[in-house]
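**Student:** Here's a sequence, model it:
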Amino acid sequence: MTQKTTWIALTIVFFLAAGVGPSRADELLVPAQWHSEQDRARDAVRSGQAISPGQAKQAALARYPGQFLDMSFGGNAYYVKIMTAQNRVVVVTVDAASGRVVGAN
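**Tutor:** Presented below is the predicted three-dimensional model:
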(Lines give C-alpha, C1' and ligand atoms only; values in the text may rest on other atoms or scores of the structure.)
Protein backbone atom coordinates (compact mmCIF):
# COMPACT_ATOMS: atom_id res chain seq x y z
CA MET A 1 0.00 0.00 0.00
CA THR A 2 1.20 3.46 -0.78
CA GLN A 3 1.24 6.15 1.88
CA LYS A 4 -1.74 7.93 0.30
CA THR A 5 -3.79 4.72 0.12
CA THR A 6 -2.95 3.92 3.74
CA TRP A 7 -4.03 7.41 4.81
CA ILE A 8 -7.36 7.10 2.99
CA ALA A 9 -8.01 3.65 4.46
CA LEU A 10 -7.25 4.85 8.00
CA THR A 11 -9.52 7.85 7.53
CA ILE A 12 -12.40 5.64 6.38
CA VAL A 13 -11.88 3.25 9.30
CA PHE A 14 -11.81 6.19 11.72
CA PHE A 15 -15.09 7.62 10.43
CA LEU A 16 -16.80 4.24 10.42
CA ALA A 17 -15.58 3.44 13.96
CA ALA A 18 -16.85 6.81 15.15
CA GLY A 19 -20.27 6.04 13.66
CA VAL A 20 -19.97 8.82 11.12
CA GLY A 21 -21.67 8.12 7.85
CA PRO A 22 -21.00 9.94 4.60
CA SER A 23 -23.62 12.59 5.39
CA ARG A 24 -21.90 13.62 8.65
CA ALA A 25 -18.36 13.29 7.32
CA ASP A 26 -18.74 16.54 5.39
CA GLU A 27 -19.51 18.37 8.64
CA LEU A 28 -16.23 17.20 10.15
CA LEU A 29 -14.08 18.06 7.18
CA VAL A 30 -13.67 21.82 7.44
CA PRO A 31 -11.68 23.49 4.67
CA ALA A 32 -8.52 25.29 5.74
CA GLN A 33 -8.78 29.04 5.90
CA TRP A 34 -5.49 30.31 4.46
CA HIS A 35 -5.39 34.05 3.97
CA SER A 36 -2.33 35.72 2.60
CA GLU A 37 -1.17 39.13 3.70
CA GLN A 38 -2.45 40.44 0.39
CA ASP A 39 -5.90 38.93 0.97
CA ARG A 40 -6.15 40.47 4.46
CA ALA A 41 -5.12 43.90 3.17
CA ARG A 42 -7.60 43.73 0.28
CA ASP A 43 -10.44 42.68 2.59
CA ALA A 44 -9.62 45.48 5.07
CA VAL A 45 -9.60 48.10 2.28
CA ARG A 46 -12.88 46.81 0.81
CA SER A 47 -14.59 46.92 4.20
CA GLY A 48 -13.39 50.46 4.85
CA GLN A 49 -11.22 49.46 7.81
CA ALA A 50 -7.97 50.40 6.10
CA ILE A 51 -6.56 52.78 3.54
CA SER A 52 -5.20 51.36 0.30
CA PRO A 53 -1.56 50.27 0.05
CA GLY A 54 -0.98 53.07 -2.47
CA GLN A 55 -2.17 55.67 0.04
CA ALA A 56 0.12 54.21 2.71
CA LYS A 57 3.05 54.31 0.29
CA GLN A 58 2.33 57.96 -0.56
CA ALA A 59 2.11 58.93 3.11
CA ALA A 60 5.41 57.22 3.92
CA LEU A 61 7.25 58.73 0.94
CA ALA A 62 5.91 62.21 1.73
CA ARG A 63 7.43 62.02 5.21
CA TYR A 64 10.58 60.06 4.26
CA PRO A 65 11.53 60.81 0.63
CA GLY A 66 13.52 58.13 -1.13
CA GLN A 67 13.23 54.96 -3.14
CA PHE A 68 10.36 52.63 -2.30
CA LEU A 69 11.65 49.10 -1.64
CA ASP A 70 8.91 46.97 -0.11
CA MET A 71 5.68 47.00 1.90
CA SER A 72 3.89 44.65 4.25
CA PHE A 73 0.53 44.73 6.02
CA GLY A 74 0.22 43.88 9.69
CA GLY A 75 -3.52 44.14 10.29
CA ASN A 76 -3.54 47.59 11.82
CA ALA A 77 -0.50 49.07 10.11
CA TYR A 78 1.42 49.11 6.87
CA TYR A 79 5.19 48.80 7.05
CA VAL A 80 6.83 50.63 4.16
CA LYS A 81 10.53 50.05 3.49
CA ILE A 82 12.30 53.02 1.90
CA MET A 83 15.92 53.74 0.99
CA THR A 84 16.69 57.38 1.71
CA ALA A 85 19.03 59.61 -0.30
CA GLN A 86 21.72 58.86 2.32
CA ASN A 87 21.44 55.12 1.44
CA ARG A 88 19.79 54.38 4.78
CA VAL A 89 16.96 51.84 4.83
CA VAL A 90 14.00 53.06 6.88
CA VAL A 91 10.87 51.07 7.75
CA VAL A 92 8.01 53.54 8.08
CA THR A 93 4.93 52.50 10.06
CA VAL A 94 1.68 53.90 8.67
CA ASP A 95 -1.58 53.49 10.62
CA ALA A 96 -3.86 51.48 8.34
CA ALA A 97 -7.07 53.12 9.55
CA SER A 98 -6.07 56.79 9.40
CA GLY A 99 -3.11 56.83 6.99
CA ARG A 100 -1.06 58.72 9.57
CA VAL A 101 2.69 58.03 9.76
CA VAL A 102 3.23 56.61 13.24
CA GLY A 103 7.00 56.26 13.21
CA ALA A 104 10.07 54.87 11.55
CA ASN A 105 13.10 52.82 12.47
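
**Student:** after the helix or strand bottoming out on mean pLDDT in the chain, next one along is what?
**Tutor:** In the chain, no helix or strand scores lower on mean pLDDT, DSSP states H and E than helix 22-28, which sits at a mean of 55. Counting by DSSP states H and E, the next helix or strand C-terminal to helix 22-28 is helix 37-46.

**Student:** who does that next one touch, helix- and strand-wise?
**Tutor:** If you count contacts as 3 or more Cβ pairs under 8 Å, 6 or more residues apart in numbering; DSSP states H and E, helix 37-46 packs onto strand 67-73. Every C-beta, even on glycine, is put in place using the N, C-alpha and C of the backbone.

**Student:** what comes up buried for the helix or strand following the strand it packs on?
**Tutor:** Scanning forward in sequence from strand 67-73 by DSSP H and E, the next helix or strand is strand 77-83. For strand 77-83, burial by neighbour count (16 or more other Cβ atoms under 10 Å) applies to 77, 78, 79, 80, 81, 82.

**Student:** for strand 77-83, packing partners?
**Tutor:** With 3+ Cβ pairs under 8 Å, 6+ apart as the test, strand 77-83 has helix 53-63, strand 67-73, strand 89-95 packed against it.

**Student:** can I get these in CSV with distance to residue 42?
**Tutor:** Converted to CSV, those look like this (distance: least, Cβ to Cβ, whole Å):
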stretch, distance to residue 42
helix 53-63, 9
strand 67-73, 9
strand 89-95, 17
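
**Student:** among those, which is the most enclosed?
**Tutor:** strand 89-95 (a mean of 19; mean count of other Cβ atoms under 10 Å).

**Student:** That one to strand 67-73, inter-axis angle?
**Tutor:** 40 degrees (axes from the mean of the first three to the mean of the last three Cα atoms, to 10 degrees).
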